[in-house]
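Peer 1: I'd like to go over a predicted model; first the sequence, then the structure.
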Amino acid sequence: MRAFDFVSAESADQAISLLSEHGPNVIVLAGGTDILVDLKHAKHDPDVVVDITRAEDLKGIEVNDGGLRIGALVTHTQIMDDPYIRENFPALVHAAHTIGAVQTRNLGTLGGNLVTCVPSMDSGPALMALEAEVTVAGPDGTRRMGLEEFFVGPRKTVLEHNEVLLDVIIPRKNLGKPADFLKFGLRKGQALALVNAASALWVGEGNTFKDVKISLGAVAPTVIRAAAAEDFLEGREITPENMAEAGRLAVEDAKPIDDFRASASYRRDLIAVLTKRTLDNAYRLAQGG
Amino acid sequence: MGMKPSPYATKIPYEEKDNKVVGGRPNPADRSDAIDKVTGRARYAADYNLPGQLIGKVLRSPHAHAIVKSIDTSEAEKLPGVKAVVTRDDFPDMEVEHAASGELMVNFRDVTRNMMAREKALYDGHPVAAVAALSESIAKEAMKLIKVDYEVLPHVIDVRDAMKDDAPLLHEELFTKGAGIEPDPSKKSNIATRMESKLGDIEEGFKQADFIVEHESNTKAAHQGYIEPQASVANFTEGGTIEVYTGTQGHHVFRAQIAKLLKMDISKIKVVPAELGGGFGGKNNVYLEPLAAQLSRKANRPVKMVMTRDEVFRATGPTSGTNCKVRMGCTRDGRITAAQAELNYQAGAFPGSSLPLASITVFTRYDLENVLVVGHDVVCNRPKVAAYRAPGAPMIAFAVETAIDDLARQCGMDPIDFRLKNAAKQGTQTHFGPPLGQIGYMETLEAAKASPHMNEPLGPNQGRGIASGFWFTIGNDTSATINISEDGTASLIFGTVDVTGGMRSAFAMIVAEELGIPFEKVRTQVGDTSALGFNFMTAGSRGTAAGSMAVVKATRDAIHRACEIAARKWEVETDQVVWENGHARPASANVGDFEPLSLAQLCKEATWFGGTIAGHAEINVAMGGPGFGTHLVDVDVDRQTGLVKVLRYSIFQDAGKAVYPAFIEGQFQGGAVQGIGMALNEEYIYSDKGTMENPGFLDYRVPVASDVPMINTHIVEVPNPDHPYGVRGIGEVPIIPPLAAISNAIHDAVGVRLLDHPMSPPKVLKAIDEAAPAQAAE
């Protein structure tokens, strides 16, 4: 680790001005679960670290006219403990629960997980399946976008050096939408996902798939939507066969890699299985079970 | 191992009696190391700091196999803040000389080369230089300035590849030696040793067989996974003495090795064993100690060195990866007639795997007439293998206990009944040497059979597996001293490092039992090398078994001294005084009518009657009291992902007589969890360049708490007849059965036989898909 300057922001606006002032070789400290490790191993060599942990306007979980708003600084533990989320979005609770271990979840933030933008992030898929949008703030104001647009590549988002992620919003139309998230890692805690999958759906007339959204993690440069699988299901009857076919189609939407953690071929097997299972679980949830 | 039993080794017959303290369950918080560990006050090696100390770092080879043509340290030495640099030129070369280091033997010619590469770097992570500087960051900067000129050579990682005739050779001077083989100087090889042991006539045995099963298993190297990385602080004084604070399972053995490697007198060196954050055999070897000492000598200041996790994985001994072939035959009614095994064990960069130990465990829990065991010790471009809890045994048990399962199935017999029918008992001839004494293997099988676990219902894709294991209990040099303080409380100093199994408390219980004083009135400490005579390592499950023998002798020596004081006071002979319930008493009414004297009362009289009450023992404990265990496991197999979940796990093991049952249960559980981790997940993964891909806990996946269920334990008690408290070694047996038990459970659940370790989801899925493609496609 090399020496750096440390400044602290009390609000998002102050964070933006500090980032503009000290940039471009600056990094933001939120939960610190990633960057403290990186700093120690000198993967980052910033001139200035901007601490945003005291920015109150980046905190809080609330339901407003726009939908469910989760501040970027909300920790994974807070998501797991929030009564509204527990009641309405068990998939988000599952996703938060699979991250790291208790200590990591107590410190790590939702915003941090999204901004770090590793393909195997556990927060992305369930939010993407629920069509979550993010608010990005910079010197020229704010902009809203879907996660598909926000994620650019491995460890790369649209954020400029002087921008911060304000919050994540699940649109009002999706409040209470049945959704499920499954992570497949090789250990229950402190494991990286080999594949992550999430599905969200409404049950349409005649027991059909309606507005079904499927998202996958760790199988492409960023978290992705499984468009072919979604298109196939839309309007079709909800049957195990159709779910299995969607699983097969989801494999075609993905580009998994071979590495020492798992082969691409095994990851493809998992995509099919997990996609089907998340659809099945989301449907059960819709049935009240 | 490999040592002849000495006729002068100590045995004390089992004394059956009702104990007041031993066998009880004191409050766990009274365990002497408990509170300090929980509150962070326990001092591990990395917690020691000496005034003026430097920080040492090791520069390691990035290549799996390379000639080290030259090392230029001049730029590094010029960097401000760098106080010393050492390379191979700073250590004397060593002749071939073997010594016991824990359960494995070491050869000093290799020890010095493993600690610091000489002619070649033989694995990714092999040390080539070490630096001592004012700070870690300066030391790291200095390492970048060291120029090493490597000539990279072809490498070999897998044991089967290393055995091939055209394999890249690690050592120019290595020729296979061993059973039936004269070293042929024209035939260089990576096979260092061939071993063979047999019983009866193997061919005849197979002729008698109605069923024959053949298994070939392959296992990857697994690491001990101790939480505390290696750490050492060394201070070489101008007076020519060294003090070393280090994490070790045997400080006396380390002292002797440091003396040898630095060509010093043993008595000039003091090694202080720090609190140990896990070892499991992995802290039986010197790595940093000689480097820190030599850096300290050069810099004339204390030097502290702590490994990173990456260094621990890349350069400290994992267990052997193996290839095992097993062929067994039995009659229709389930009697094993022949048992044959070939064990091919990775030794890492230098000869000396766990093969000699593994090979005596192969079939040792069965009563067999015809046995042939052949083994090969094979070098390859990996870190030198170190002992890991029952070194080598889990891997061969993987092949044998799964073959037993398949034989039982062919006979249509229950796997427990099949094992009972063939179980070893007192008098069973082993294939490697002596017949077995009084043992409790059958009792573990009976206990498993009678356990409620057997009645737990299993759902679809769930299965139950069983497997057994055997491990010996070594004896060796053991020392202890007990000092009775002026107030009648006791202070025990012993030399068998408490590797966190709870020995300190077990010894306190034995001392309390012997003296007749409360457990709380005994303090027990591990003494450094200046406090006691030579004491062998905590290895081979000897800690409590051998250690307590010296404790009993030392305590009885002190009791004798206490009785002598009473006799002088009463003006009778010492043999007219007995020790009962914490008091000296007249041996009979004829001796006289004297009030019994407590230890505290005797202490008050001690000065007048000759001096302080103390006792000591320096003994070579006889080997004996082997342990046997049987495990039951239930698993759930996900047919679509290959994920195996452990649902239920029970252990039945003969502990001899339990001194501190709660610690024994903890050891059973810990061993099984390590075995489960190894079975399902843990493996060394190498790139095609021969570098380790997963040198960290993120990708070397030891299980976390939520990966395992509560492990049920059942202590079977068949006393060790050669120990006064009937103690057997217990620490190593529990890691032996899990691999095989889980493979058997998977087979029971989904009908596929896994013999390729680890039984990770992709492999299990592949096996299921190959067995029933249509079924799995679903």
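Peer 2: Done, it's in.

Peer 1: and after the strand or helix carrying B:Arg556, which helix or strand comes next?
Peer 2: Following DSSP states H and E, one finds B:Arg556 within helix B:543-570. Next in sequence after helix B:543-570, counting helices and strands by DSSP H and E, comes strand B:577-580.

Peer 1: by contact count, what packs against that next one?
Peer 2: Identification of packing neighbours for strand B:577-580 by 3 or more Cβ pairs under 8 Å, 6 or more residues apart in numbering or on different chains; DSSP states H and E yields helix B:543-570, strand B:583-586. All C-beta atoms are positioned from the backbone trio N, CA, C, and that covers glycine.

Peer 1: Would you mind finding the most buried of those?
Peer 2: helix B:543-570 (a mean of 24; mean count of other Cβ atoms under 10 Å in any protein chain shown).

Peer 1: That helix packs against which elements?
Peer 2: Using 3+ Cβ pairs under 8 Å, 6+ apart: helix B:543-570 touches strand B:476-484, strand B:490-494, helix B:503-515, strand B:577-580, strand B:583-586, helix B:599-606, strand B:614-621.

Peer 1: so that helix versus strand B:614-621, what angle?
Peer 2: Compare the direction of helix B:543-570 with that of strand B:614-621 by axes from the mean of the first three to the mean of the last three Cα atoms, to 10 degrees and you get 140 degrees.

Peer 1: what's the angle from helix B:543-570 to strand B:476-484?
Peer 2: Comparing the axes of helix B:543-570 and strand B:476-484 via the same axes, to 10 degrees yields an angle of 40 degrees.

Peer 1: Distance from the chain centre to helix B:543-570, please.
Peer 2: Here the centre of helix B:543-570 is set off from its chain's centre by 30 Å, with Cα atoms, centre = their mean, to the nearest Å.

Peer 1: do the same with stretch B:688-699
Peer 2: A distance of 24 Å separates the centroid of the chain from that of stretch B:688-699, by Cα atoms, centre = their mean.

Peer 1: buried sites along that stretch?
Peer 2: Judged by neighbour count using 16 or more other Cβ atoms under 10 Å in any protein chain shown, the buried positions of stretch B:688-699 are B:Gly690, B:Thr691, B:Met692, B:Asn694, B:Pro695, B:Phe697, B:Asp699.

Peer 1: Now it - C-alpha only, PDB.
Peer 2: Output of stretch B:688-699 as PDB, limited to C-alpha atoms (Å, rounded to 0.1, in the frame of the first residue of the first chain):
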ATOM      1  CA  ASP B 688      -0.100 -25.800 -17.400                       C
ATOM      2  CA  LYS B 689       2.900 -23.700 -16.400                       C
ATOM      3  CA  GLY B 690       3.100 -25.600 -13.100                       C
ATOM      4  CA  THR B 691       2.000 -22.700 -11.000                       C
ATOM      5  CA  MET B 692      -0.700 -23.000  -8.400                       C
ATOM      6  CA  GLU B 693      -4.000 -21.500  -9.500                       C
ATOM      7  CA  ASN B 694      -5.800 -21.300  -6.100                       C
ATOM      8  CA  PRO B 695      -3.300 -20.300  -3.400                       C
ATOM      9  CA  GLY B 696      -5.900 -18.700  -1.100                       C
ATOM     10  CA  PHE B 697      -9.000 -19.700   0.900                       C
ATOM     11  CA  LEU B 698     -11.300 -18.100  -1.700                       C
ATOM     12  CA  ASP B 699     -10.500 -20.900  -4.200                       C
END
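
Peer 1: anything in that stretch near chain A?
Peer 2: Yes: counting by Cβ under 8 Å from any Cβ of the partner chain, chain A is contacted by stretch B:688-699 at B:Glu693, B:Asn694, B:Phe697, B:Leu698, B:Asp699.

Peer 1: Show me what from chain A comes close to chain B.
Peer 2: Where chain A comes near chain B, counting by Cβ under 8 Å from any Cβ, the residues are A:101, A:184, A:186-192, A:244, A:260-263, A:266, A:269-270, A:273.

Peer 1: Which members of the residues you listed are positioned in strands?
Peer 2: By the criterion of DSSP state E, membership of those in strands covers A:Phe184.
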